[in-house]
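Student: Predicted structure and sequence below. I'll ask about it afterward.
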Amino acid sequence: MIAEVIIGISHESLDRVFHYIVPKHMENEIEIGLRVMIPFGKGNKKIEGFIIGISNTTDIDAHKLKEIYAIVDSFPLFDEHLLELAKWMKEYYGCRMIDCLRCIMPSSMKIRSEYFVRIAPKIDNTDIEDFKGRNKVEEEIILFLLNKQKYVLLEDVYDIFGKESSKYIKKLIKEGIIVQQEKEDIKELSYTIKYISINKDLDLDELEDIIELYQSKKNYHAQARILSLLMINDWIPVNELKKALQVSNSSIQSLVNKNIVQIEEIEIHRDPYSHMDFKSTESLLPTQEQKNVIQYITAKLEHSVGASVLIHGITGSGKTEVYLQLIDEVIKRGGQSIVLVPEISLTPQTVERFKGRFGDQVAVTHSKLSLRERYDQWKKAKEGKVSVMIGPRSAVFTPFSSLKLIILDEEHENTYKSEISPKFHARDVARKRCEMAGGVCVTASATPSLDSYFECEEGKAELLTLTHRANDSKLPSVEIIDMRKELELGNRSIFSTALQEEIEKNLKNKEQIILFLNRRGFSNFVSCRKCGYVLKCKNCSISYTYHAYNHSIQCHYCGDKMKVPSVCPQCGSSHIRYFGVGTERVESEVKKHFPDARVLRMDLDTAKGKYGYEKILDQFKSHKADILIGTQMIAKGHDFPNVTLVGILAADLTLHLQDFRSAERTFQLITQVSGRAGRGELPGRVLVQTYDPGHYSIETAKEHDYLSFYQKEIELRKQLNYPPFTHIFLILITGTNEKAVISNAYKLMEIMKYLNKKKKFELFGPVPAILSKIKNKYRWRIIVKCEDRDLLMKYGFYCINKFKSILNNQEIQIQTDIDPLMMY
């Protein structure tokens, strides 16, 4: 029997199937999706692999094949459905198969090899004189290991002697002075508890006789107490029994050996939301619009055609209730559903709604949970113990066997696109899964992405609309504040006069307020007022952000942090000042202007920990705060009936970015944030502060007019030949040597121009990336445009492979992205 294996190493030269012989004793156990340990390379290094096929023949001489060492898991990590999805992703996104397989299984299941070293057993302290006169580092390493006289983790040795000590360790291993051992670190993710119970073969009378006998014997009293307790309890966790009766393991083991009691190990699934009390809710009576949408999609579910539907529903139109009633239909038919949300901050509210309706049939996954908690949620889905999975984009790979419905809430969000390989979009993968499983993919938003809306116009997806709020409340009135006029009137505050007056009014009426600014920190940059020097991160081409709470400056890309210098590093002046505004600064200003107001701030700096988001949102929802200040994590999905005022402090932040989607993002943000106001019985007001009040994205957002914005924007895209009328292939060249990055970017462009003789492709660059340096790596980019996606990818990868075959420069790395959402 021959197993087709994908090696667990992400390298383009290994991106193919390897064949291994299945040992006879494994033939009945081996199946697709299993993880195995295999010998690899000349030294037969033990690594993990994944079985993607089984056969009895191969073109390779069987005598040259190696045998599988061991099967790692007791069950397959993926089935043939998810394997086919991974194969499709490899071709569609032009990535490696192992990266796709890693996507479809829990991130915690990667096996890492750990290396240990020790002094050779033949060497002892009497030999220390023999090593005198060696290199000083070698001497210190030998002395350190001699004192330990046991295996030490190699990483710990590096921590003490530095990474550069590796060459000395290799030398000592070669000489036989140090011995090395490799061990696979396979995490035990499941959580089991040992339970003790009376042996089922014993009848009650027999048990009573045993207890009476043991009570009369001197050294058997502990065993008698154990049996007496088990008589009134069917089973008890062993640890609880030992604690309650103060008995030893030997007393328990003695009863096990006599077959009087038995111990079973039971796997326990941890529920990260067990601390929350979810009130059971019933379905609401749908509006006529909701009813039409539900009936239409239910009909699609009946036919199992792999349909794709976009719901364009205004903010507050009751999209979540539509999801709940659709999922109810799916559960009644024995099917399973996935609900994708773009932000972790949306999870608590979504979980509350779905757990209240479907209880324990709902599982939840996201990055704030521990690896073991995420594994438990994945395992429950794989075993069919739940019917609904809620989570961010990775939840699209939930191993459901009867998947019938995938919902992407707020489908326009950038977070649905992965920024690491494979750079997949959850919407594409969801549609493909539904196509393969015969389910329905529902995407929904108050501000659909232009790509999605255009697909509906082209007939590639179906469009359904919800044009009224579910509770018949009106959309909030929106007022545009021209901040240029505020400056002319001498107002240099971050709040316009009108916004200050409206905040005062709301506080007086005990109505809540949301203030939105899509930038965290206190100030955006720190500069010297004398020479103009701006403090920039030494690792990245970006200015530090000032944080007042710990008087530090921090890079939001690499995380580098330092105290603010008291003098300018360039001219020595003490005129160091803070410029720009972040959410932390807004909080400070609010407390200064409105000292009696109760204020909460929600951004990446405050919403820390597993339940950081929940705590802040719960406080605001229960009216323990008057004003909520936040970044885009408060912009969508949240329902606070008492919020009647929303202030958008800088609507231009996303408007003039070096990205053709900047107007679209501005429209979406203003519309989404505005939608948080007036969702209850009281009318809502929105004040939008901007220095560009005449821009069409701001004007159409003021009128809640998506169609007018869409028509204006789609016409511009057509004129400039931007998506959705074309596809973009982005090539990013990175490296620590700036000259090598630049010269190789130009060499690659020469090859691309040469292979573009028929001018089928538009070429742009090479130019520095918007962030030209991150984590000490310089970044240059090349952009290619073409209407034919497949042709574009073939051309792009052909040019890159030709470049590598000619130059093979190890100083640079090349990354690619098809249809990127961020023009980095």
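Tutor: Yep, that arrived.

Student: Can you show me the strands along the stretch 701-824 of the chain?
Tutor: For the stretch 701-824 of the chain, strands defined by DSSP state E, counting those that start in this stretch occupy the ranges 727-735, 762-774, 777-786, 813-818.

Student: which one of those strands has the lowest average pLDDT?
Tutor: Among the strands of the stretch 701-824 of the chain, strand 762-774 carries the lowest mean pLDDT, a mean of 88.

Student: what's the angle between it and strand 777-786?
Tutor: Using axes from the mean of the first three to the mean of the last three C-alpha atoms, to 10 degrees, the inter-axis angle of strand 762-774 relative to strand 777-786 is 160 degrees.

Student: Off-centre distance for strand 762-774?
Tutor: The gap between the average C-alpha position of strand 762-774 and the chain average comes to 26 Å, counting by C-alpha atoms, centre = their mean, to the nearest Å.

Student: go on, stretch 136-154?
Tutor: Remark: stretch 136-154 is offset 40 Å from the chain centroid, using C-alpha atoms, centre = their mean.

Student: Give the rounded mean pLDDT of it.
Tutor: Mean predicted confidence for stretch 136-154 is 83.

Student: Need the residue in this structure that's farthest from the chain's center.
Tutor: Of all residues in the chain, residue 216 has its C-alpha farthest from the mean position, at 62.4 Å, by C-alpha atoms, centre = their mean.

Student: Need phi/psi at that one.
Tutor: Dihedral pair for residue 216: phi -90, psi -10, per degrees, to the nearest 10.

Student: Relative to residue 351, how far out is the residue nearest in space to the middle of the chain?
Tutor: With the centre of the chain defined as its mean C-alpha position, the nearest residue by C-alpha atoms, centre = their mean is residue 367, 5.7 Å away. Going from residue 367 to residue 351 by C-beta to C-beta, to the nearest Å gives 15 Å. From N, CA and C alone the C-beta is placed, and that goes for glycine too.

Student: between the strands of the stretch 701-824 of the chain, which gets nearest to residue 8?
Tutor: Residue 8 sits nearest to strand 813-818 of all the strands of the stretch 701-824 of the chain, at 20.6 Å, using C-beta to C-beta.

Student: Show me what that closest one is packed up against.
Tutor: strand 727-735, helix 789-806 (3 or more C-beta pairs under 8 Å, 6 or more residues apart in numbering; DSSP states H and E).

Student: Just send the ones you listed back as JSON lines, with mean neighbour count too.
Tutor: JSON lines is the format used below for these (neighbours: other C-beta atoms under 10 Å):
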{"stretch": "strand 727-735", "mean neighbour count": "22"}
{"stretch": "helix 789-806", "mean neighbour count": "16"}
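
Student: Serialize the ones you listed to a markdown table and add fields for distance to residue 428.
Tutor: Shown next, in a markdown table, are the helices and strands packed on strand 813-818 (distance: least, C-beta to C-beta, whole Å):
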| stretch | distance to residue 428 |
| --- | --- |
| strand 727-735 | 13 |
| helix 789-806 | 11 |
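
Student: And these: which comes nearest residue 767?
Tutor: With C-beta to C-beta as the yardstick, what comes closest out of the helices and strands packed on strand 813-818 is strand 727-735 (10.9 Å).

Student: Okay, now the sheet partners of the closest one, with direction.
Tutor: Within its sheet, strand 727-735 is paired with strand 777-786 (antiparallel), strand 813-818 (antiparallel), according to DSSP bridges.

Student: pull the CA atoms of that strand into CSV?
Tutor: Listed next in CSV are the C-alpha coordinates belonging to strand 727-735 (Å, rounded to 0.1, in the frame of the first residue of the first chain):
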residue,chain,number,x,y,z
HIS,A,727,-7.8,42.0,-12.0
ILE,A,728,-4.7,43.1,-10.2
PHE,A,729,-1.6,40.9,-9.6
LEU,A,730,0.6,42.5,-6.9
ILE,A,731,4.3,41.5,-6.6
LEU,A,732,6.1,42.5,-3.4
ILE,A,733,9.9,42.3,-3.4
THR,A,734,11.4,42.4,0.2
GLY,A,735,14.8,42.0,1.8
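
Student: Could you list the residues in contact with that strand?
Tutor: 741, 744-745, 748, 766, 769, 777-789, 792-793, 795-796, 800, 811-820, 823-824 (C-beta atoms under 8 Å, 6 or more residues apart in numbering).

Student: how about 6 Å then?
Tutor: 741, 744-745, 777, 779-785, 789, 792, 796, 811-820 (C-beta atoms under 6 Å, 6 or more residues apart in numbering).

Student: In what element of secondary structure is residue 192 found?
Tutor: For residue 192, the host element (DSSP states H and E) is strand 191-198.

Student: elements contacting the strand or helix carrying residue 85?
Tutor: In this structure, residue 85 sits in helix 80-93 according to DSSP H and E. Packing contacts for helix 80-93, counted by 3 or more C-beta pairs under 6 Å, 6 or more residues apart in numbering; DSSP states H and E, involve helix 97-103.

Student: can you count the residues close to residue 337?
Tutor: Using other C-beta atoms under 10 Å, residue 337 has 30 neighbouring residues.

Student: now it: how far from residue 374?
Tutor: Counting by C-beta to C-beta - residue 337 and residue 374 are separated by 19 Å.

Student: and if you look at residue 67?
Tutor: For residue 67 relative to residue 374 (C-beta to C-beta), the value is 33 Å.

Student: Of those two, which one has the most company?
Tutor: A count of neighbours by other C-beta under 10 Å puts residue 374 above the other of residue 67 and residue 374, at 23 against 13.

Student: quick one: contacts for the more buried one?
Tutor: 106, 365.

Student: Quick one: classify it as helix, strand or coil.
Tutor: helix (DSSP: H, G, I helix; E, B strand; the rest coil).

Student: mind listing what residue 17 touches?
Tutor: Contacts of residue 17 (C-beta under 6 Å, 6+ apart): residue 4.

Student: what do you get if the cut-off is 8 Å, keeping everything else the same?
Tutor: Contact partners of residue 17, counting by C-beta under 8 Å, 6+ apart, are 4-6, 52-53.

Student: Out of those, name the ones that lie in strands.
Tutor: Assigned to strands by DSSP state E, the following of the contacts of residue 17 qualify: 4-6, 52-53.

Student: Return the distance of the nearest residue to residue 822 once chain neighbours are set aside relative to residue 774.
Tutor: Once flanking residues are discounted, residue 822 sits nearest to residue 414: 6.6 Å by C-beta to C-beta, 6 or more residues apart in numbering. Counting by C-beta to C-beta, the gap between residue 414 and residue 774 amounts to 18 Å.

Student: same deal with residue 284?
Tutor: Residue 284 is 47 Å from residue 774, by C-beta to C-beta.

Student: between the two, which one's more packed in?
Tutor: residue 774 (19 against 12).

Student: For residue 407, see how far away the more buried one is.
Tutor: 34 Å.

Student: same thing with residue 286?
Tutor: 16 Å.

Student: which one of these two has more residues nearby?
Tutor: residue 407 (27 against 17).

Student: Surely that one touches residue 440?
Tutor: No - taking contacts as C-beta atoms under 8 Å, residue 407 lies outside contact range of residue 440: 9.2 Å.

Student: can you tell me which two in the contacts of residue 17 are farthest apart?
Tutor: Checking these with C-beta to C-beta, the most distant pair is 6 and 53, at 9.6 Å.

Student: between these two, which one's more packed in?
Tutor: Neighbours per residue, other C-beta under 10 Å: of residue 6 and residue 53, the larger number sits with residue 6, 23 against 14.
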